[in-house]
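> When you get a sec, could you give me coordinates for this:
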Amino acid sequence: MRALKIAGAIIAAVIVVFALLLVIGIPSGYLKAEIQERIERETGYKLAINGGAKIGLWPQLNIRLNDVTLQDPKDRDINHRFTASSIEADVTLASLWAGRPQITELVIIRPVVNLPLKRERVREANPPSKPAGGKAADAFSIEHVSVTGGTIVFSNLRDRVENRIETVNADITIDADRKVTLTGSARSGGHPLKVEAKAALPAAPLERQNIPAEIKIDAPGLLHAQLMAKAEARLNGSVVMINGVTGTLGDGAFNGWASVDLSSKPLVKLDLDFQKLTVAMSRSTDSSSGQPWSNATIDVNGLNYVDLQARISAAELKIGDARFTPAAIDATLASGVLKAQVSNLGAYDGNANGDLTVDVSTANPIYAMRADLTGVRALPLLDGLADFDRIDGRMQAKISVRSSGTSQRAIMSNMAGTAFVVFQDGAIKGLNVAQMIRSLTASTLSGWQASDEKATDLSQLSASFKIDKGQAQTTDLNLVGPLVKMTGVGTIDLGTKQIGFRVEPKLVMTTEGQGRVSDPVGLGIPVMIEGPWGSPRIYPEMQGILDNPEGAYAKLREMGKGLFGPNGAGLGAAIGNLLGGGQQGAAGGQGTAPGSGQTGGKPNDPLGGQLGETIGNLIQGLGGLGQNQPQGGRPGGQRSLTPTSPAEAPTQAAPAEPATPAPPSDTTAQQDSQPMNEVLRQLFNR
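Model (predicted):
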C-alpha cells in the first residue's frame with residue numbers, strides 16, 4: 001500500500017508539472033541553437049535571441065522568441081538589420097507531424113527594420129542564384145500576421161542621414177486561396193499614412209508570374225488626395241515590374257507603367273499619363289509680403305539615394321491655383337542631380353518652355369532654372385502661382401537664374417542671372433499711377449496707395465534685370481499708358497525684400513497716343529521709391545523743378561503750342577476729348593471760335609487758353625512751396641519760381657506768336673494751382 005501511495009504521488013506530481021509546462025511553456029535553450037543555425041544556413045544572416053525562447057503546448061504549439069536581432073555579416077555600416085522586442089508564433093501540431101508547419105498566427109512586437117541608403121549603384125559580384133523551385137515556399141504557410149509599434153529606419157551613417165517611418169501597425173491575412181489583404185498605418189515626417197492593399201498570389205514559385213494587386217493610400221501632407229491604383233506586378237530577380245497601371249489621384253484618372261530595381265541603390269522608372277494632376281502649394285497668408293524669407297532648412301538630401309527616369313504627362317496640370325493644359329514633364333535623377341524639362345506647356349492662351357536643375361550632391365545644393373513664356377495672360381498665372389493679382393495683360397518673359405542655399409533666404413540672397421518681362425495691353429490693378437503722381441506734388445506717400453477701385457491702363461510695362469548676389473538691377477523700366485508714361489532705374493534686393501528706384505513720370509496730354517503729336521511732358525520731378533517692396537516710401541525729388549523753374553515753365557508753354565496748335569486752335573477739341581465732354585472743336589463749324597469771348601480763351605494764346613493758364617498756375621503753386629520755406633531752408637528758396645508777368649519770363653523760352661498772352665489775374669494767382677488740380681482730377685479719377 002505504501003509503495004502504491006508513493007507511485008500515485010509521483011504520477012500526480014508529473015501531471016501537475018506537465019500541466020504547468022503546457023500553460024507557462026517549456027524553457028528550451030537547445031531550441032535557440034537549432035533556430036539560429038537554420039536561419040544562418042538558409043539566409044546568411046546571423047540571428048541572436050537575447051531574451052531566450054519558450055515553447056507552449058496548449059491549446060496549440062506556441063513558440064516565443066524574446067529580444068531578437070538579425071545581422072548581415074557583410075554590412076559594416078548597420079549593426080542590426082532587424083530587431084524586435086518579441087516574435088510569437090502559433091503552429092498546429094498536425095502540420096508539424098505532416099512536415100509542413102502551418103502558422104496560424106504570427107505576432108511581431110516593436111520591430112525595427114534598418115534599410116541602408118546608398119549614393120551610388122553597385123553591381124553585385126556574385127548575384128544570388130535563382131530559387132530551385134517552390135520547395136522552400138511550400139515548406140510552411142502563414143495565415144495571419146500582426147505587427148505592432150514598428151519602425152522603418154532609412155540611414156546612411158557616413159552622410160549622417162536618417163529618416164524614419166514610425167508607429168507602424170499592420171494586419172495581414174492570407175486565406176486558403178492565397179489572397180492577401182493588408183491594412184496598415186504609420187507616421188512619416190509628422191504626417192499620418194494609411195495603406196490598404198490586396199493581391200492574389202499564384203502558386204509557388206512567384207518569380208516571373210503576374211500578381212494582380214490593388215492599393216489605396218491616404219497620406220495627408222504628402223499627397224493632396226487619396227491615391228487608388230490597380231496593376232499587375234511581376235518579380236524578375238531584383239526588379240519589380242508594375243504593368244497595366246490604372247487608378248485615380250483625387251478626381252483625376254491616370255494610367256501607365258513603372259518598375260523598381262532593388263538590387264542596390266533603387267532605380268525607379270515610370271511613365272504615367274494623367275487626365276488631371278494637381279500639385280498642392282502652400283499659400284502665403286501675408287499678401288503684403290512683409291515677412292522675411294524663412295531660414296528653415298529645406299531638406300532635399302534624399303535625392304542622393306534614389307535614381308529616377310520619369311515621364312509625366314497630363315491633359316490638365318494644376319500647380320497651386322494655376323492651371324496648365326496640356327503638360328508634359330521629362331525628368332531624370334542620377335548621382336544626386338535632378339533635371340526636369342517642360343516643353344510647349346499650355347499656359348493661359350500662351351505657352352511656356354523651361355528646365356530646372358537641382359544638384360544636391362554637395363552640402364550646399366545648387367539650383368538653376370530657365371523659363372520662356374510667350375503670350376500668357378498674366379493675371380491668372382501670377383495669381384495662381386504667387387498670389388499676386390495686381391497686373392493684367394499679355395505677358396512675355398525670359399528668365400535664366402542660378403542660386404544655391406539650404407533655406408529660402410539663402411536661395412534668394414544668392415540669386416544670379418538675367419530676367420526680362422513685358423506686359424502689354426493690360427492694367428495695373430489697385431493702383432492709379434497718374435493720381436499718385438498728382439498726389440506727390442503735395443505730400444510724401446507711404447505704401448502703394450492700393451485700392452480695389454483704382455487701376456492704371458497700360459499699353460506696355462517692361463523691364464530687364466541683371467541679377468547678382470540677390471541684387472536685381474534694371475536701367476530700362478518703362479511704363480506706357482494712355483495718360484501717363486514712366487521710365488526709371490533701380491534695384492530689387494531679393495534677399496531682404498527691399499527696393500530702391502528712381503523714376504521719371506510724364507503726363508500725356510493728348511488722346512492720340514504716346515509720341516503721336518509730341519513727346520509726353522515731364523513735370524521735372526523725379527520720384528524716389530524706397531523701402532520694403534510691399535509698402536515702400538514714395539516721394540518726389542524736388543530739386544529737379546526747384547533748381548530750374550524757368551526750364552520747366554518753358555516746357556509747359558511749349559506743350560501748349562505743340563498739343564493745341566498755334567493760337568490755341570485745338571483747345572476746345574482736346575479738352576472735350578480728354579474730359580469726355582460735349583465741347584466741339586472749331587474745325588467742325590459748330591463750336592465757338594477761339595477768342596470770341598464765349599469760351600474764356602484769348603486770341604493768339606500759345607498756352608491754349610485756360611488750360612495753359614492753369615498749368616502755369618500749377619507751377620506757381622510749386623513755386624510757392626519754395627517761397628514759403630522758412631529762413632535757413634534749402635538754398636535758393638527765396639527765389640521767385642514763376643514770373644509775375646510774361647515780360648519777366650526768360651526770352652529764350654518765349655513763344656513765337658506775335659501777341660503776348662495776358663498775365664494771370666490776381667484772383668487766379670490767389671487760387672494757386674486749384675484749376676489745374678480740377679483738370680487733373682477729371683483726367684485721372686474718371
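
> alpha carbons only for contacts and neighbour counts from here, please
Noted.

> then whichever strand or helix holds Asp476 to PDB, C-alphas only?
Counting by DSSP states H and E, the element that carries Asp476 is strand 471-480. The C-alpha coordinates for strand 471-480 follow below in PDB (Å, rounded to 0.1, in the frame of the first residue of the first chain):
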ATOM      1  CA  GLN A 471      20.500  92.200 -56.300                       C
ATOM      2  CA  ALA A 472      18.300  92.600 -59.400                       C
ATOM      3  CA  GLN A 473      19.200  95.800 -61.200                       C
ATOM      4  CA  THR A 474      17.400  97.400 -64.100                       C
ATOM      5  CA  THR A 475      18.100 100.500 -66.200                       C
ATOM      6  CA  ASP A 476      15.200 100.300 -68.600                       C
ATOM      7  CA  LEU A 477      12.000 100.300 -66.600                       C
ATOM      8  CA  ASN A 478       9.300 101.600 -68.900                       C
ATOM      9  CA  LEU A 479       5.600 102.200 -68.400                       C
ATOM     10  CA  VAL A 480       3.500 103.400 -71.300                       C
END
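
> Following element in sequence after that strand, please.
Later in the chain than strand 471-480, the nearest helix or strand by DSSP H and E is strand 484-493.

> Would you mind pulling up the elements that the helix or strand following that next one packs against?
As assigned by DSSP H and E, the chain's next helix or strand after strand 484-493 is strand 498-507. Other helices and strands packing on strand 498-507, by 3 or more CA pairs under 8 Å, 6 or more residues apart in numbering; DSSP states H and E, are strand 484-493, strand 521-522, strand 527-532.

> Specify the beta-bridge partners of the nearest residue to Ala472 once chain neighbours are set aside.
Excluding the flanking residues, the one nearest Ala472 by CA to CA, 6 or more residues apart in numbering is Ile492, at 5.0 Å. Counting by DSSP bridges, Ile492 forms beta bridges with Ala472, Ile499.

> thinking again about what came up before, need the helices and strands packed on strand 498-507 in JSON lines with distance to Val260, mean pLDDT and mean neighbour count, can you?
Formatted as JSON lines, those follow (distance: least, CA to CA, whole Å; pLDDT from 0 to 100; neighbours: other CA atoms under 10 Å):
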{"stretch": "strand 484-493", "distance to Val260": "45", "mean pLDDT": "92", "mean neighbour count": "20"}
{"stretch": "strand 521-522", "distance to Val260": "67", "mean pLDDT": "56", "mean neighbour count": "18"}
{"stretch": "strand 527-532", "distance to Val260": "49", "mean pLDDT": "89", "mean neighbour count": "20"}
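
> And those: which comes nearest Thr104?
Proximity to Thr104 (CA to CA) singles out strand 484-493 among the helices and strands packed on strand 498-507, at 67.5 Å.

> Give me the angle between that closest one and strand 471-480.
Following axes from the mean of the first three to the mean of the last three CA atoms, to 10 degrees, one obtains 170 degrees for the angle between strand 484-493 and strand 471-480.

> Can you list the neighbours in contact with strand 484-493?
Identification of contacts with strand 484-493 by CA atoms under 8 Å, 6 or more residues apart in numbering yields 413, 433-434, 470-480, 498-508, 520.

> In three-state terms, how would Arg38 be classified?
Using DSSP: H, G, I helix; E, B strand; the rest coil, the structure places Arg38 in helix.

> Okay, Thr167 and Ala84: tell me how far apart.
14 Å (CA to CA, to the nearest Å).

> Neighbour count for the two, which is higher?
Set side by side, Thr167 and Ala84 show more neighbours around Ala84, with 21 against 18, by other CA atoms under 10 Å.

> What strands flank whichever strand or helix holds that one, and is each parallel or antiparallel?
Under the criterion of DSSP H and E, Ala84 resides in strand 82-91. With DSSP bridges as the test, strand 82-91 is paired with strand 61-71 (antiparallel), strand 102-109 (antiparallel), strand 112-116 (antiparallel).

> Which element, helix or strand, includes Asp392?
In the assignment (DSSP H and E), Asp392 maps to strand 391-404.

> list the helices and strands that strand packs on?
Counting contacts by 3+ CA pairs under 8 Å, 6+ apart, strand 391-404 packs against strand 366-377, helix 378-386, helix 408-413, strand 416-429.

> which other residues reach the second one?
Around helix 378-386, the neighbours that count as contacts under CA under 8 Å, 6+ apart are 283, 319-323, 347-348, 388-395, 423.

> Glu196 contacts Ala219, correct?
No: using CA atoms under 8 Å, Glu196 is not in contact with Ala219; the gap is 11.8 Å.

> what about this structure, any weak spots by pLDDT?
For the chain, the stretches flagged by pLDDT under 70 are 1-32, 58, 76-79, 96, 99, 123-140, 282-290, 441-443, 507-525, 542-686.

> Quick one: buried ones out of the contacts of strand 484-493?
Neighbour counting with 16 or more other CA atoms under 10 Å marks 413, 433-434, 470-475, 477-480, 498-508, 520 as buried within these.

> and the closest residue to Leu182 other than its chain neighbours, how many neighbours?
Once flanking residues are discounted, Leu182 sits nearest to Ile172: 4.6 Å by CA to CA, 6+ apart. The tally of other residues near Ile172 (other CA under 10 Å) stands at 18.

> Verify the stated contact: Ile172 with Arg178.
No: Ile172 lies out of contact with Arg178 (CA under 8 Å); the separation is 11.8 Å.

> picking that back up, I'd like to know which of the helices and strands packed on strand 391-404 lies nearest to Arg234.
Minimum separation from Arg234 across the helices and strands packed on strand 391-404 (CA to CA) falls at strand 366-377, 37.4 Å.

> Which neighbours in the sheet does that closest one have, and how are they oriented?
Using DSSP bridges, strand 366-377 pairs in its sheet with strand 350-359 (antiparallel), strand 391-404 (antiparallel).

> returning to what we had before: ok, what's across the strand from the residue nearest to Leu182?
Here Ile172, judged by DSSP bridges, has bridge partners Val145, Leu182.

> residues touching it, list them.
Under the criterion of CA under 8 Å, 6+ apart, the neighbours of Ile172 are 144-146, 180-183.

> can you do 6 Å?
By CA atoms under 6 Å, 6 or more residues apart in numbering, the contact set of Ile172 is 144-145, 181-182.

> again, but for Met281
When contacts are taken as CA under 6 Å, 6+ apart, Met281 is in contact with Gly320.

> pretty sure it belongs to a strand, no?
No: assessed with three-state DSSP, Met281 is coil; it does not lie in a strand.

> right, and Ser403 touches Gly417 too?
No: Ser403 lies out of contact with Gly417 (CA atoms under 6 Å); the separation is 8.8 Å.

> Backbone dihedrals for Gln226, please?
Here is the backbone geometry of Gln226 (degrees, to the nearest 10): phi -70, psi 140.

> Give me the neighbour count for it.
There are 15 residues near Gln226, going by other CA under 10 Å.

> so how far is Arg409 from it?
Going from Gln226 to Arg409 by CA to CA gives 33 Å.

> now do Leu115
Using CA to CA, Leu115 is found at 34 Å from Arg409.

> neighbour count winner among those two?
Taking other CA under 10 Å, Leu115 and Arg409 do not tie; Arg409 has more neighbours (19 against 15).

> can you count the residues close to the closest residue to the more buried one other than its chain neighbours?
Take Arg409 and drop its neighbours on the chain: the residue closest to it by CA to CA, 6+ apart is Trp293, 4.9 Å away. As a burial measure, Trp293 scores 18 neighbours (other CA under 10 Å).
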